[in-house]
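# Please find the sequence and the predicted model below.
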Amino acid sequence: MEIKKQADLIRPAWEERITELLGKMTLDEKIGQLHQVGPSPVGGFAVSLEEHRQMLADGRITQEEFDAFCSGTARDTQEQDVREGHIGSFLGVSGAEACDHLQHIAVEESRLGIPLLFGLDVIHGQHTIFPIPLAESCAWDEALWEKSAAIAAAEAAADGIAWTFAPMVDIARDARWGRIAEGAGEDSYLGARCAAARVRGFQGEDPSAPDRVLSCAKHFIAYGAACGGRDYNNADLSEQTLREVYLPPFSAALAAGAATVMPSFNDVNGVPSSVNTFLLRQILREELGFSGFTVSDANAIAECVIHGAAADRRDAAKQALAAGMDMDMYSGCYRDELKALIEAGQITTAQLDEAVRRVLRIKFAKGLFDHPYTRHRLTAAELAAHRAAARDAACASAVLLKNDGVLPLLLKTPVLLVGKLADCAGEMLGTWNIYGRAEETVSIKAALEEEGVLAGYLPCCGPDMPLDRDELTQAIRSETNTVIAVVGELADHSGEASSLCDIDLPGEQNEMLTALRQAGKTVITVLCNGRPMAIPNAVERSNALLELWHAGSEAGHAAADLLFGRAMPAGRLTATFPYRSGECPLYYDHPNTGRPLSPGRFSSKYLDAPLEPLFPFGSGLTYTTFAYDDLQCTADRQGIHAAVTVKNTGERAAKETVQLYIRDLVASRVRPVLQLAGFRQILLAPGQTERVCLTVEPERLAFYDTRMRRVIEPGDFLIQAGQSSADGLQQTVTVSADLAADYLRQI
Ligand code: NOJ
């Protein structure tokens, strides 16, 4: 793989200065560089006293840590610790003034003046909140992914932040897993393109620029394969699946220059990632050429004890450092144990120095030794441009899932608005929005008021509000026939520690939709949520269904733009919607079986769910139609070349995402029934036609065989070009032995 960008992180001038510094540092100062302090044992979350008590009871924090939290001493000693060089990084301190204050102490009052690194979870915006990452992935637009990350970086940098714990590049195939909200969905090819774009956006060409931040590819690895979709659960998977499905987004992020990596909480085939030498040394460093540093997830090193993978905190620290974990987020295991381990000869100075070198290297790469303080200032004009970009992003991320012709609404159509979520601006921000503010967020109600079309608003019910039957009766009796029903889930029902076993609409929202439809209303449903949902009832009861997601600061405006046709819906799903929760994990690129899905009894399916998913990967409608024709495919030594003609057969100009899939028809290891291998967005005027050519690179044809060799096996491949994973023109082409042999020679 391309590791140039990683090699670029190693500059002889920096390495010399690091060697010099290492020569001057005391053992405590070295350990200090590996110690990150933060607000709580679960990372950047505000954690209640109750939760701290629970963590003490679980053994996740020690009595001393609990006492320090209760008495506030943990915070009181920090400035002194900075002065003594005992802290390398902060998590959760934000604001130029607060960061610069601590930075002054580090740079001017500590013995060696090594700058601090301020990290924060800037996942989809700092002040201007963009759609949650899952939503944004549905735009299938690299320029957009890069731009929203760049804006988040600029706003974070102006707040003194030098490092974001993003992008989250975990492939997620199980919609019950709450953290599906934070990534780019279920497909590793799309996920890899998105990961690279986001890294470019955060870091720019050079992460030392005042308005950029360092990125962190997380969570390494297979966190999304948590058994049963339950957060933090173990991941048990073949090495082939690990490498073919879960690794590509990380490889792409590193190739784009990601400066840091966060190993995941979970264990992979029995070994927690935090102490997993195979993952952190062999794959990450040796194979992928990673030159930056790794940071543990919050408290994860200490949690190896509870995991049952380490005897005590000292053992956990020893294993983690040996495995290649450079920085300890919060747990204090490194601060408390590394010195004794060195003195006992259980870890070597070389091991310690290696980790410190990596941390210092990235501080150099960020330019902190030359420019330790906040340099970026935001202007009002920039902030206004950020809002406009967030509105465009929210429009591009929405997916129109059903439309019987009722959308777009004619301008000035009076509408009755129902659903509590319509008036919950804060919920539109979604998971991980630390500084997003409800009062600066446009709710759907506020946007429709601005349009001047609101005939009335009745909350009726919400994810956390039971059905108010009086309000529902009023809605039914209203003279306004067109109802916009805003339904979905709360922001904190997706994201970390938010797994669900039932992903249907919560509460009585379905009942509300049923009653409205039965009363003869035209029901336009807007869905605000953080994961794919099993919502066949909502689909059936709705004349149109717009998946808006948790769309960020400009959610309401984007909804209005789309409903009234000022913006054309163009999003395509990046995660499959099942009919029923029990179908999870459900994803399009599953391996074939000997008894594939069919109406026949003895086939691979559930008896109590339809054969096809509710909405397949790649699907989404717009206010026009497209026709595909004349697929022509050839194969040569450069790969497979496909050309297809696409025509806008409707009345409005719109964007189409042309999707190309492949299937290796016969192979020595069973291959997926389809794999995304390319896509292109085109804009077509009504009646316009375009010939779209896409090439499938040899890499996309390769897989790991039973002996873990990366191979392309010559033979027939099915090619499918169309509007989603579930439709398209198909043709078969033959991949030659020459192509396969060339590939083998070159890897
Ligand atoms: C825990 C989460 O798993 C991780 O994604 C996050 O970056 C850290 N906490 C820090 O808040």
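Alright, I've got the coordinates. It should be emphasised that the depicted structure is a prediction, and the values quoted were computed from it without experimental measurement.

# drop to CA atoms for contacts and neighbour counts, all remaining ones
Noted.

# near the ligand, which residues of the chain?
In this structure, the chain approaches the ligand at residues 42, 43, 44, 121, 165, 297, 298, judged by C-alpha under 6 Å from any ligand atom.

# Of these, which belong to helices?
Among those, none falls in helices (DSSP state H).

# and the residues you listed, which are buried?
Neighbour-count burial (16 or more other C-alpha atoms under 10 Å) applied to the residues of the chain next to the ligand gives 42, 43, 44, 121, 165, 297, 298.

# need the contact list for the residue nearest to residue 236 when sequence neighbours are not counted.
Excluding its sequence neighbours, the residue lying closest to residue 236 (C-alpha to C-alpha, 6 or more residues apart in numbering) is residue 269, at 4.7 Å. If you count contacts by C-alpha atoms under 8 Å, 6 or more residues apart in numbering, residue 269 has them with 234, 235, 236, 237.

# now the residues you listed: which count as buried?
Neighbour-count burial (16+ other C-alpha under 10 Å) applied to the contacts of residue 269 gives 234, 235.

# want to throw the contacts of residue 269 into TSV with secondary structure and pLDDT?
Output for the contacts of residue 269, formatted as TSV (DSSP: H, G, I helix; E, B strand; the rest coil; pLDDT from 0 to 100):
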residue	secondary structure	pLDDT
234	coil	97
235	strand	98
236	coil	98
237	coil	97
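
# List just the nearest of the contacts of residue 269 to the ligand.
Nearest to the ligand among the contacts of residue 269, counting by C-alpha to the nearest ligand atom, is residue 234 at 14.3 Å.

# how near is that closest one to residue 248?
Using C-alpha to C-alpha, to the nearest Å, residue 234 is found at 20 Å from residue 248.

# low pLDDT regions in the stretch 551-700 of the chain?
Within the stretch 551-700 of the chain, no range satisfies pLDDT under 70.

# Now do the helices in it.
Per DSSP state H, counting those that start in this stretch, the stretch 551-700 of the chain carries helices over the ranges 555-563, 698-701.

# For the helix or strand following the shortest one, name the packing helices and strands.
What that stands for is helix 698-701. Following helix 698-701 in sequence order, the next helix or strand is strand 703-704 (DSSP states H and E). Judged by 3 or more C-alpha pairs under 8 Å, 6 or more residues apart in numbering; DSSP states H and E, the packing partners of strand 703-704 are strand 710-711.

# for the record, mean pLDDT for the strand it packs on?
Across strand 710-711, the average pLDDT comes to 97.

# show me the residues around the one residue in the stretch 201-350 of the chain that gets nearest to the ligand that make contact.
Residue of the stretch 201-350 of the chain nearest the ligand, by C-alpha to the nearest ligand atom: residue 298 (4.9 Å). Neighbouring residues of residue 298 by C-alpha under 8 Å, 6+ apart: 41, 42, 43, 329, 330, 331.

# quick one on the thing from earlier: okay, the helices of the stretch 551-700 of the chain in CSV with mean neighbour count next?
Putting the helices of the stretch 551-700 of the chain into CSV (neighbours: other C-alpha atoms under 10 Å) gives the following:
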stretch, mean neighbour count
helix 555-563, 25
helix 698-701, 18
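
# Now for residue 356, how many residues are close by?
The criterion is other C-alpha atoms under 10 Å. On that basis, residue 356 has 23 neighbouring residues.

# secondary structure element for it?
With DSSP H and E as criterion, residue 356 is part of helix 349-365.

# Could you say which helix or strand holds residue 722?
strand 715-724.

# Output the contacting helices and strands for that strand.
Helices and strands touching strand 715-724, by 3+ C-alpha pairs under 8 Å, 6+ apart, are strand 626-636, strand 654-664, strand 727-735.

# what pairs with that strand, and is each one parallel or antiparallel?
Counting by DSSP bridges, the strands paired with strand 715-724 are strand 654-664 (antiparallel), strand 727-735 (antiparallel).

# Taking strand 626-636 as reference, get the angle to that strand.
160 degrees (axes from the mean of the first three to the mean of the last three C-alpha atoms, to 10 degrees).

# List the contacts of strand 715-724.
572, 616-620, 628, 631, 633, 644, 656-666, 727-737.

# which residue does the stretch 51-200 of the chain bring closest to the ligand?
Residue of the stretch 51-200 of the chain nearest the ligand, by C-alpha to the nearest ligand atom: residue 165 (4.9 Å).

# is it true that that residue touches residue 218?
Yes: in this structure residue 165 lies within contact range of residue 218 using C-alpha atoms under 8 Å: 7.4 Å.

# sorry, back to before: okay, buried residues for the helix holding residue 356 please.
Applying 16+ other C-alpha under 10 Å to helix 349-365 flags 352-365 as buried.

# so which of the residues you listed comes closest to residue 391?
Closest to residue 391 out of those is residue 365 (32.9 Å), distances taken as C-alpha to C-alpha.

# Okay, residue 612 and residue 674: tell me how far apart.
From residue 612 to residue 674 the distance is 14 Å (C-alpha to C-alpha).

# where in this structure is pLDDT low?
For the chain, counting by pLDDT under 70, the residues that fall below are 1-2.

# Just the endpoints, please. Distance across stretch 100-117?
Using C-alpha to C-alpha, the two ends of stretch 100-117 sit 11 Å apart.

# next one: that stretch to chain centre, how far?
33 Å (C-alpha atoms, centre = their mean, to the nearest Å).

# Please look at residue 675 and residue 591 and confirm they touch.
No: assessed by C-alpha under 8 Å, residue 675 is found out of contact with residue 591, at 10.0 Å.

# neighbour count winner among these two?
For residue 675 versus residue 591, neighbours defined as other C-alpha under 10 Å are more numerous around residue 675 (23 against 12).

# How about the contacts made by that one?
Listed by C-alpha under 8 Å, 6+ apart, the contact set of residue 675 reads 589, 661, 662, 663.

# mind redoing it with 10 Å?
Contacts for residue 675 (C-alpha atoms under 10 Å, 6 or more residues apart in numbering) come out as 187-189, 588-590, 660-664, 700-701, 719-720, 725.

# what does residue 14 give?
By C-alpha under 10 Å, 6+ apart, the contact set of residue 14 is 20, 357, 360, 361, 362, 363, 364, 365.

# Just give me the neighbour total for the first one.
Read that as residue 20. Neighbour count of residue 20, defined by other C-alpha under 10 Å: 11.

# does it sit in a helix, a strand or a coil?
Assigned with DSSP: H, G, I helix; E, B strand; the rest coil, residue 20 falls in the helix class.

# Show me where the stretch 1-150 of the chain has its helices.
4-7, 12-24, 27-33, 49-58, 63-71, 73-76, 78-83, 96-104, 133-137, 142-158.

# And those: which comes nearest residue 223?
Residue 223 lies closest to helix 133-137 among those, at 15.7 Å (C-alpha to C-alpha).

# for that closest one, packing partners?
Where contact means 3 or more C-alpha pairs under 10 Å, 6 or more residues apart in numbering; DSSP states H and E, helix 133-137 is packed against helix 142-158, helix 188-203, helix 380-397.

# how about those in JSON lines, adding mean neighbour count?
Below are these laid out as JSON lines (neighbours: other C-alpha under 10 Å):
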{"stretch": "helix 142-158", "mean neighbour count": "24"}
{"stretch": "helix 188-203", "mean neighbour count": "27"}
{"stretch": "helix 380-397", "mean neighbour count": "20"}
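
# With that, I have no additional questions.
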